[in-house]
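> Here is a sequence together with a model predicted from it:
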Amino acid sequence: MKDFNFYAPTRVVFGSNAEKQIGSLVSAYGGHKILLHYGGGSAEKSGLLNVVRTQLRDAGLSFVELGGVVPNPLLSKVYEGIDLCRKHDVDFILAVGGGSVIDSSKAIAYGVHYDGDVWDFWDGKAVPQQCLPVGTVLTIPAAGSEMSSSCVITKDDGLLKRGINSDLCRCKFAVMNPERTYTLPSYQTAAGGTDIMMHTMERYFSKYEEMTLTDGIAESLMRTVKDVLPLVLKDPENYRYRAQIMWAGSLAHNDLTECGTEKDFATHRLEHELSALFGVTHGAGLAALWPSWARFVMDRHLNRFVQFAVNVMGVTNDFANPRQTALSGIEAVEKFYHEIGMPTSIHELLGREITEEELEVMVDKCSRGGKITVGAMEVLGQNEMREIYRMAR
Ligand code: NZQ
Ligand code: ZN
């Protein structure tokens, strides 16, 4: 078992009445002048933004607004946010949206008191030393950014999509009302659920196998997503179903399922190149790549794949043929992804095959020109990346 240091400082306020606490939460965490940050229109249309504005006004808080965050959030919007915060002496950022809005908020929060170019943090030229406090009103269970230490941003110039991790940016609070997810299109619900599965799977497929408690939590979480997500898609306004997926999204990426293990985020790293280059939805990109990653590494980790197949995907264990059991588990994941409308290959994702040139661009960017490897249970260099992209084609 690996030593660990578990830190999950985010206050979670969950339920249909959660939004009534927004004003008092912002005040409690020291906010006086707020940046209200949001995406492309869904929160305005649903009326949520007006609820938030009223909450802030009722608490006597003043705020400035910046909308227009796009999925796979851009550095250019982060610069805009930093300028606005400096101009108005903002001391708290409230993100209303999903992973993209939260990550844009975290990036702005890093940049406000930094003298250099905020991209330095993603470029490895500097390490964040301070960060404005960020809180969130979550509208989509998916990225898990509401409790995670990650911040993933795309630099417009060169379409470089990169993530950094620091406890400094963990949200002070997350307000989660499952009813706010009723308006999600099916595709976003399914892609979000896939991301939740994958955050757990990329911690479960680890070379440390002895942590049965962590395995049990992870398996329960994955079974919940597998069983409940199809029900949500059939019955999008079912509070109980939506609530379980929403809570799963936070627990999948707050490091709880990593205690005693070591994550292997190779599929995530390979996916970031897909969403950077083609603007695809992150969860759908993961679904398109994972089966190929799994087939590529399976034979060296058969026990783990068998345990996953049996305990999560409900495959009957063929004791005489563990390889077949493991393969059946991967096939069951593919069947599940197809059932919820997710692709399991790049051509299903894009509607066409990628060219050899595009493939090489992704290999080059993922490996930073051959300077880095990705993955832990299986370390992938350029050759392995290329092979997996080819298999996923
Ligand atoms: O922009 P609006 O109009 O709000 O529409 C959004 C967006 O188009 C829509 N949406 C959100 N809530 C809605 C809604 N539509 C109707 N009703 C609602 N209640 O959904 C679309 C996707 O939103 P986005 O925030 O992009 O989704 P998600 O939460 O999946 O975030 C994806 C981003 O997070 C990164 C991804 O790479 C991607 O950039 N990740 C961040 C992580 C982290 N910080 O810990 C970890 C993840 O692995 C991931 O890499
Ligand atoms: Zn993810």
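Now that the structure is in, tell me what you want to look at. Ligands and ions are numbered 1, 2, ... in the order given.

> going forward, measure contacts between C-alpha atoms and count neighbours the same way
Will do.

> Which positions in the stretch 151-300 of the chain make contact with ligand 1?
Proximity of the stretch 151-300 of the chain to ligand 1, by Cα under 6 Å from any ligand atom, involves residues 151-152, 180-181, 183-184, 188, 192, 282.

> pLDDT below threshold where in the protein?
Along the chain, the model assigns pLDDT under 70 to no residue.

> Map the structural domains onto the sequence of it.
Residue ranges for the domains of the chain, per automatic domain parsing: 11-180, 186-392.

> Redo the ones you listed as TSV? Include mean neighbour count and distance to residue 4.
As requested, the domains of the chain are arranged in TSV below (neighbours: other Cα atoms under 10 Å; distance: least, Cα to Cα, whole Å):
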stretch	mean neighbour count	distance to residue 4
domain 11-180	20	15
domain 186-392	20	6
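
> With distance to residue 1 as extra columns, can I get the ones you listed in JSON lines?
Output for those, formatted as JSON lines (distance: least, Cα to Cα, whole Å):
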{"stretch": "domain 11-180", "distance to residue 1": "22"}
{"stretch": "domain 186-392", "distance to residue 1": "5"}
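
> Relative to residue 2, which of those is closest?
Closest to residue 2 of the domains of the chain is domain 186-392 (Cα to Cα; 4.4 Å).

> Just the terminal-to-terminal distance for that closest one.
Distance between the two ends of domain 186-392: 24 Å, counting by Cα to Cα, to the nearest Å.

> for stretch 62-76, same thing?
Termini of stretch 62-76 sit 25 Å apart (Cα to Cα).

> now that stretch, how far from the chain's geometric center?
Remark: stretch 62-76 is offset 18 Å from the chain centroid, using Cα atoms, centre = their mean, to the nearest Å.

> do the same with stretch 355-375
Stretch 355-375 sits 21 Å away from the centroid of its parent chain (Cα atoms, centre = their mean).

> now check that stretch, is it near ligand 1?
No - Stretch 355-375 stays clear of ligand 1 (Cα under 6 Å from any ligand atom), getting no nearer than 13.9 Å.

> Use 45 as the first number for this chain going forward.
Okay, residue one is now 45; in that scheme the one you just asked about reads as stretch 399-419.

> Now that stretch - C-alpha only, PDB.
What follows is stretch 399-419, C-alpha atoms only, in PDB (Å, rounded to 0.1, in the frame of the first residue of the first chain):
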ATOM      1  CA  THR A 399      -4.700  11.400 -40.500                       C
ATOM      2  CA  GLU A 400      -1.200  10.200 -39.900                       C
ATOM      3  CA  GLU A 401      -0.100  13.900 -39.600                       C
ATOM      4  CA  GLU A 402      -2.700  14.600 -36.900                       C
ATOM      5  CA  LEU A 403      -1.700  11.500 -35.000                       C
ATOM      6  CA  GLU A 404       1.900  12.600 -35.000                       C
ATOM      7  CA  VAL A 405       0.900  16.100 -33.800                       C
ATOM      8  CA  MET A 406      -0.900  14.500 -30.800                       C
ATOM      9  CA  VAL A 407       2.100  12.200 -30.000                       C
ATOM     10  CA  ASP A 408       4.400  15.100 -30.200                       C
ATOM     11  CA  LYS A 409       2.300  17.400 -28.000                       C
ATOM     12  CA  CYS A 410       1.500  14.600 -25.500                       C
ATOM     13  CA  SER A 411       5.100  13.800 -25.100                       C
ATOM     14  CA  ARG A 412       6.200  17.500 -25.200                       C
ATOM     15  CA  GLY A 413       8.400  16.600 -28.200                       C
ATOM     16  CA  GLY A 414       9.700  13.400 -26.600                       C
ATOM     17  CA  LYS A 415      10.700  15.000 -23.300                       C
ATOM     18  CA  ILE A 416       8.100  13.400 -21.100                       C
ATOM     19  CA  THR A 417       6.300  10.100 -20.600                       C
ATOM     20  CA  VAL A 418       2.800   9.700 -19.200                       C
ATOM     21  CA  GLY A 419       1.200   7.000 -17.000                       C
END
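
> hang on, residue 129 packs against residue 155?
No - using Cα atoms under 8 Å, residue 129 makes no contact with residue 155, being 9.7 Å away.

> Which residues does the one helix or strand residue 140 maps to contact?
With elements taken from DSSP states H and E, the one containing residue 140 is strand 136-141. For strand 136-141, contacts defined as Cα atoms under 8 Å, 6 or more residues apart in numbering pick out 70, 74-83, 87, 93, 145-146, 149, 153, 176-184.

> Show the contacting residues for the residue most central in space within the chain.
Note on the chain: the residue nearest the mean C-alpha position is residue 187, at 2.3 Å, using Cα atoms, centre = their mean. Contact analysis of residue 187 by Cα under 8 Å, 6+ apart lists 142-143, 236, 239-240, 293, 297.

> Ok, residue 291 next?
If you count contacts by Cα under 8 Å, 6+ apart, residue 291 has them with residue 185.

> now it, what's its secondary structure?
Using DSSP: H, G, I helix; E, B strand; the rest coil, the structure places residue 291 in helix.

> circling back: which of the residues of the stretch 195-344 of the chain next to ligand 1 fall in strands?
Those of these mapping onto strands are 195-196, per DSSP state E.

> mind putting the residues of the stretch 195-344 of the chain next to ligand 1 in TSV, distance to residue 172 included?
Conversion of those to TSV gives the following (distance: Cα to Cα, whole Å):
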residue	distance to residue 172
195	12
196	14
224	33
225	32
227	36
228	34
232	31
236	28
326	25
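
> Residue 411: which of the residues of the stretch 195-344 of the chain next to ligand 1 is nearest?
For these, the residue nearest residue 411 by Cα to Cα is residue 196; the value is 16.9 Å.

> OK, contacts around that closest one?
116-117, 147, 205-208 are the contacts of residue 196 under Cα under 8 Å, 6+ apart.

> Tell me the one of the residues you listed nearest ligand 1?
Nearest to ligand 1 among those: residue 116, at 3.4 Å, using Cα to the nearest ligand atom.

> In terms of helices and strands, where is the residue located most distally from the centre of the chain?
Taking Cα atoms, centre = their mean, the residue of the chain most remote from its mean C-alpha position is residue 364, at 37.7 Å. Using DSSP H and E, residue 364 sits in no helix or strand.
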